[in-house]
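1. one predicted model, sequence on top.
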Amino acid sequence: MNAQQPTSLFQRALVMEAVKQSFVKLDPRILMRNPVMFTVEVGTAVMLVVSLWVLFGGGGSQGTLGYNIAIFLLLFLTLLFANFAEAIAEARGKAQANSLRKTREETPAKVVGADGKITLRSSSDLRKGDVFVCEAGDLIATDGEIIEGLASIDESAITGESAPVIREAGGDKSSVTGGTKVLSDRVKVRVTNEPGESFLDRMIALVEGASRQKTPNEIALTILLAGFTLVFIIVCVTLQPFAGYANATVTIAALVSLFVCLIPTTIGGLLSAIGIAGMDRALRANVITKSGKAVETAGDIDVLLLDKTGTITIGNRKATAFHPAAGVDRNMFIRSCVLGSLADETPEGKSILELAGADVTRGLSLDGAELIKFTAETRSSGVDMPNGQRIRKGAQDAMKRLAERAGNNVPSDVDTEVKRIASNGGTPLVVAENDRIFGCIELQDIIKPGISERFERLRKMGVKTVMVTGDNPLTAKFIAQKAGVDDYIAEATPEDKMAYIKKEQQSGRLVAMMGDGTNDAPALAQADVGVAMNSGTAPAKEAGNMVDLDNDPTKLIEIVEIGKQLLMTRGTLTTFSIANDVAKYFAIVPALFIASIPALQGLNIMHLSSPESAILSAVIFNALIIPALIPLALKGVAYKPIGASAILRRNLMIYGVGGLIVPFIGIKAIDLVVSLFI
Amino acid sequence: MMNTELFGIVTMFMVALLLAIPLGRYIARVYSGERSLLDLVMGPLERLFFRASGIDSKREMDWKEHLKVLLTINMVWFLWAMFVLTNQGWLPWNPDGNPSMSADLAFNTAISFVVNCNLQHYSGESGATYFSQIFGLMFLQFVSAGTGMAAAAMVFNALKQRTAAKLGNFYDYFLKSMTRVLLPISLVVAVLLMFNGTPQTVEGKDSIVTLQGDSVQVSRGPVAGFVAIKHLGTNGGGYYGANSAHPLENPSYFTNMVEMVAQLIIPFAMVFALGFYLKRKRFAWMVFGVMTVGFLLLAVPNIIMEVNGNPNITAMGIDQTTGAMEGKEVRFGAAASGFWSIVTTVISTGSVNAMHDSTMPLSGMNELLAMMTNAFYGGAGVGILNFFVFIVLAVFISGLMVGRTPEFMGKKIEAREMKIAMIIALLHPFLILTGTALAAYGITHTPDHAWLNNPGSHGFSEMLYEYTSASANNGSGFEGLGDNTPWWNISTGIILLLSRFLPIIGPLAIAGLLAQKKYIPESAGTLKTDTGTFGVVVFAVIAIVAALSFFPALALGPIAEYLSF
């Protein structure tokens, strides 16, 4: 799957499937879950009975057969539209998840038996605890954990990232995902999930509705909608005796139409589609959620814990400047630095070569030199050249000791430079040649471009960002300030993270964090939203409630926005749905009583042509508005971090005032067409 | 003359507002248990009461205990009132020899006064005695107002920035509402009324000889004290049948002003008390602003319509420069009567100084709407409870609209609170519409129920008004309805009970549940509830719930009448 590939809202195959499902979902047992649409179904059934009654000669005062059948068909269509909204959302989510799942179905796996023999079994037969072998060129059959060996793996099928990644036994990089491909080497993998229980399987089940539970917020909203439905049951039932008092005959068709128009069918029909679409949007962002609730909670997050490395800064520290000591030739110094780093495979070492430039590095070689590896004891590394030159680089205190043992002093200008670098959040690397200190290299964290704008955006949403780093407090503070995060945890241990999360939660805040290591697992479980990286260990993935397939730490920001969008879409469509009722009243109420109280013509402010066409127009509008809003329900209302009150004003204007005006125009327009036929 | 009338109205409103702000501060101090003005006088009295009754006023209660106490003492009062009313004939202080009430009338009257509604299907002059007026009805006017205020005090306590199950002591809140607020202020009001001609005596009828030389019997009694608490406690039950249109109950424009200010002051002050108590003055002003906008939208058209008079009467060539004066008192005039008609209906007072039956059709609609919304100012204590339910609904909808799980005062609003809020919001239309539907069915199928004075739309309005008044615990009548029959006595009695106690239980339960939740500090993403924008949402929720539930009924009643003019 590729996250970037745009999927059109209504693909042909998906639409066909959704249409089929729209009929399947008419089953009252399924529709019961949605009280609003269930009452519409009851109304539809009533209209079917009335139509048959009229057909067989009864119901003298119930209007013409054609009129009754038209109302019946329109209500039926309303139901289908609502079902279609849910079905299309499901179909899209399912298609998305299926394309992920397909890659790993029926992949053969070389299973290692108890006796060490290798047998070929299908991936669907693999049980938790089975061990299988993967060699270069093999597809990994299912999610698992490497227990032996190291391999480079192409995860592009899952993440869309083409660069291969290294996975090895032990540590935090031991997890592999089904459907990815081993490029080199050979690993033994232990299966971590029973078949059908991997994250993807759970996700698919969620989307399909088999295990989809209503989220707390959805339940509360359903109560609100059920309440409004009840109000209108009361209104419509009492209308009958009121009409009796006023000597008006109200047809069943008119009463049922009034009822269906007044109850919030728009939001009732779109509610579950909105929820599914939220999970689907998360999946499109390459995040697998374990429950719909997690997405919703993400919208409420108050505190966001982010790792410094990879999230706030680009990878690791980089060399940014050479500072030779007084009296040392700059070029000579750079040359020594390069020699000392040529064999250094660490990112810092490589960045020194980068900073020096290809011109300097090209002419140098380490032929015949002896490499001195970094040890915890010397805390320095370097090289002994064949010409006797001994180059060392390392932390300041280690190099100082080295120089002093040989009777050399630390040049004062190097000393001041070192202090300046440290106080600026950088890391000084002191370089010595033959035990004499020559100067220092400045290493700095490179803050990702645009990251402080993203934090600003989060701040406007009301989310506090916290940087988690192993750096010392001084460096941490400097980077935190520069990146614009609100707080930081320096020299962080997993326990520190856990304590921080608990502290924030105790004061009532919701905390989100991202992690990958096994030692992050408790904190991931403790956090209200724990996002485990797909590259992380199985315990980490188990502990979190979302898995990010891209291993991208900035993903949390997107997840928060997806959560907010989800709630906003529900809120705005509810407002729209209820505001619509005003116009529908003005269409239907005069139509009900105009025969007995002609004065009520004054309420017919839309000047609809006849009572029948007024009622038909309102019902048609009510039905059509559902499919018209499906795209909005699936895409979600745009979220802008402009502060809660400003968003409220904006949405009130668009969906509240809009919801008042649109149906007046819509019903009038439909009436103009309908009146041509009756 | 017009300007003088307008000046009178504005003065009444402003005086009430200016008195209500310091009173609100004072009430907040009283409920917080801080030192206040009347400590010296009332402190010993309260301590004596608690010692004598064995009640521990320091023991904090959770919301369920509050409700248990509230319902129990109300039950006792109801039984006491039933006893007094059905036995008043032989009880003392009955100089005019009025008879005891019939069981169904006593049931209706007792409930009506217990629930602070004061729907009166009797006339005080002949239907009650001095004993029952003082120890039955006036007593209930005090304690029912105190009940509402004490319930509101618990809700204030529950909305504090903390997590707690124990929310103060109900007896303490209740007694202090009586001794610190209702008794002292009604004393002042009663004295003002007495000095302006309202009687206060236990002697029987007086007989005077009129200018025409006829001898007339004039009912007297402990009127001033009764009328004071009738307004201050937003009860509205008149001493006389004609209520505040009666010349002894409301003798002059000045007493009219006093009575007007008296009924406005506690509902106003409770809003400000909330602000002072929670130290959220902006929030209090938002609430007051929404209430005032709703109030003005109803009151201003009424004043205009009543001042302009009935076009059909003008067409008959009758001078209407003084406005639509049918059913009005000359000493108050059309403007002040129009104003009063909305004040008494938005607040659950229900006292009248003119006949609502005779107001213009759309004025009648506004009076109905005032009671249907039942949230602009509202009754003593309970007004703010009703408004609280709408706030919960508005918080929920607007919380969703800004993409955050809804929270109010740092507490999350979840399914349970929504369920309760929705039931309470549903109850009002349910009671009004079902009651009216049953009555409409009854009158259609057995036309010999001669309930209605008028046929057609106006008759429909009379029935709708009676149930609306009962369900809003208002107590005013549209009149024209023969309502002292078992059907009306019992059906409105049941509605009164349900519509009084469920809307107290609901908000108390929501507040109690919220108080137990974790307090979430505000962040930039939190929706501020003290802004104009949020006020608009609250107003929209109130307007839409009322408009959507009652539109068809109003269309058949006052709107049809208006359009048929």
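-> Okay, I see it.
2. now do the contacts for A:S610.
-> Contacts for A:S610 (Cβ atoms under 8 Å, 6 or more residues apart in numbering or on different chains) come out as A:S675, A:I678. C-beta coordinates here come from the backbone N, C-alpha and C atoms, glycine included.
3. can you list the residues of the stretch 451-565 of chain B near chain A?
-> B:456-457, B:460, B:518-521, B:523-528, B:531, B:533-534, B:536-537, B:540, B:544-545, B:547-549, B:551-553, B:555-556, B:559-560, B:563-564 (Cβ under 8 Å from any Cβ of the partner chain).
4. before we move on, what SS does A:C440 have?
-> Classification of A:C440 using DSSP: H, G, I helix; E, B strand; the rest coil returns strand.
5. now whichever strand or helix holds B:I420: average pLDDT?
-> Per DSSP states H and E: B:I420 is located in helix B:415-445. Regarding helix B:415-445, the rounded mean pLDDT is 91.
6. so which bits of stretch A:448-468 are buried?
-> Buried residues in stretch A:448-468, counting neighbours by 16 or more other Cβ atoms under 10 Å in any protein chain shown, are found at A:448, A:451, A:454-455, A:458-468.
7. of those residues, which is the nearest to A:I69?
-> Taking Cβ to Cβ as the measure, A:I69 lies nearest A:M461 of the buried residues of stretch A:448-468, at 51.3 Å.
8. excluding chain neighbours, what is closest to whichever residue of the stretch 351-500 of chain B sits closest to chain A?
-> In the stretch 351-500 of chain B, the residue that lies nearest chain A is B:L400 (2.7 Å; Cβ to the nearest Cβ). Distance criterion Cβ to Cβ, 6 or more residues apart in numbering or on different chains; nearest residue to B:L400, sequence neighbours excluded, is A:G571 at 2.7 Å.
9. so the residue lying farthest from the centre of chain B, which of the three states?
-> Computed with Cα atoms, centre = their mean, the residue of chain B farthest from its C-alpha average is B:G213, at 41.5 Å. Following three-state DSSP, the label given to B:G213 is coil.
10. quick check: phi and psi on the residue in the stretch 451-565 of chain B positioned nearest to chain A?
-> Nearest to chain A, among the residues of the stretch 451-565 of chain B, is B:G525, at 2.3 Å (Cβ to the nearest Cβ). For B:G525, the backbone dihedrals are phi -80, psi -10 (criterion: degrees, to the nearest 10).
11. for the nearest residue to B:I313 once chain neighbours are set aside, what are its contacts?
-> Excluding the flanking residues, the one nearest B:I313 by Cβ to Cβ, 6+ apart is B:Q320, at 6.1 Å. Contacts of B:Q320 were listed using Cβ under 8 Å, 6+ apart, and they are B:N308, B:G309, B:N310, B:I313, B:T314.
12. now do the contacts for residue 491.
-> Reading this off chain A. Contact analysis of A:E491 by Cβ under 8 Å, 6+ apart lists A:T469, A:G470, A:D471, A:N472, A:P473, A:A476.
13. you looked at the wrong chain, it should be chain B
-> For B:S491, the contact set (Cβ under 8 Å, 6+ apart) comprises B:G435, B:L438, B:A439, B:Y467.
14. would you say it is within a strand?
-> No. B:S491 sits outside any strand when classified using three-state DSSP, being helix.
15. coming back round to it: near chain A at all, the helix holding B:I420?
-> Yes. Judged by Cβ under 8 Å from any Cβ, helix B:415-445 comes into contact with chain A at B:415, B:418-419, B:422-423, B:425-426, B:429-430, B:433-434, B:436-438, B:440-441, B:443-444.
16. and the residue nearest in space to the middle of chain B, how far from chain A?
-> The centroid of chain B falls nearest to B:S348 when counting by Cα atoms, centre = their mean (1.6 Å). Separation of B:S348 from chain A (Cβ to the nearest Cβ, to the nearest Å) stands at 22 Å.
17. what's the closest non-adjacent residue to that residue?
-> Nearest non-adjacent residue to B:S348 (Cβ to Cβ, 6+ apart): B:G379, at 3.5 Å.
18. the one you found in helix, strand or coil?
-> coil.
19. so what's it up against?
-> Shown in contact with B:G379 (Cβ under 8 Å, 6+ apart): B:N116, B:A145, B:G148, B:T234, B:P267, B:I347, B:S348, B:T349, B:N473.
20. hang on, the last one packs against B:L497?
-> What that stands for is B:N473. No. Counting by Cβ atoms under 8 Å, B:N473 stays clear of B:L497, with 10.1 Å between them.
21. all the helices of the stretch 51-200 of chain B, in order from the start?
-> B:63-87, B:103-114, B:124-127, B:130-131, B:139-158, B:170-176, B:183-195 (DSSP state H, counting those that start in this stretch).
22. out of those, deepest packed?
-> Neighbour counts (mean count of other Cβ atoms under 10 Å in any protein chain shown) averaged over each of the helices of the stretch 51-200 of chain B peak at helix B:139-158, with a mean of 26.
23. number of residues surrounding B:S398?
-> By other Cβ atoms under 10 Å in any protein chain shown, 28 other residues sit near B:S398.
24. ok, now A:G57?
-> A:G57 has 7 neighbours, counted by other Cβ under 10 Å.
25. A:D528 too?
-> Neighbourhood size, A:D528 [other Cβ under 10 Å]: 20.
26. check the one 5 residues further on too.
-> Using other Cβ under 10 Å, the number of residues around A:M533 comes to 26.
27. OK, contacts around it?
-> Here A:M533 is in contact with A:M514, A:G515, A:D516, A:A540, A:V547, A:D548, A:N551, A:P553 (criterion: Cβ under 8 Å, 6+ apart).
28. out of those residues, which sit inside strands?
-> Mapping these onto strands (DSSP state E) picks out A:M514, A:G515, A:V547, A:D548.
29. so the nearest residue to the third one once chain neighbours are set aside, which of the three states?
-> Counting by Cβ to Cβ, 6+ apart, A:I288 is the residue found nearest to A:V547 once chain neighbours are left out, at 4.6 Å. Following three-state DSSP, the label given to A:I288 is strand.
30. distance of B:N108 from B:Y467?
-> Going from B:N108 to B:Y467 by Cβ to Cβ, to the nearest Å gives 13 Å.
31. who's in contact with residue 221?
-> All of this refers to chain A. A:L221 neighbours (Cβ under 8 Å, 6+ apart): A:I267, A:L271, A:R570, A:T574, B:F396, B:L400.
32. my bad, chain B
-> Per Cβ under 8 Å, 6+ apart, neighbours of B:G221: B:G124, B:Y130, B:Q133, B:P199, B:T201, B:V202, B:Y239.
33. repeat that for 10 Å
-> B:93, B:95-96, B:124-125, B:128-130, B:133-134, B:199-205, B:239-240, B:248 (Cβ atoms under 10 Å, 6 or more residues apart in numbering or on different chains).
34. are any of those buried, and which?
-> The buried subset of the contacts of B:G221 - by 16+ other Cβ under 10 Å - is B:93, B:124-125, B:128-130, B:133-134, B:199-200, B:204, B:239-240, B:248.
35. for stretch A:18-29, which positions count as buried?
-> A:A18, A:Q21, A:S22, A:K25, A:L26.
36. I misspoke; the intended subject was stretch A:43-59.
-> So, applying 16+ other Cβ under 10 Å, buried residues of stretch A:43-59: A:G43, A:T44, A:V46, A:M47, A:L48, A:V50, A:S51, A:V54, A:G59.
37. chain center to that stretch: distance?
-> Offset of stretch A:43-59 from its chain centre (Cα atoms, centre = their mean, to the nearest Å): 49 Å.
38. confirm that A:A326 sits in a helix.
-> No. A:A326 is assigned coil when assessed by three-state DSSP, not a helix.
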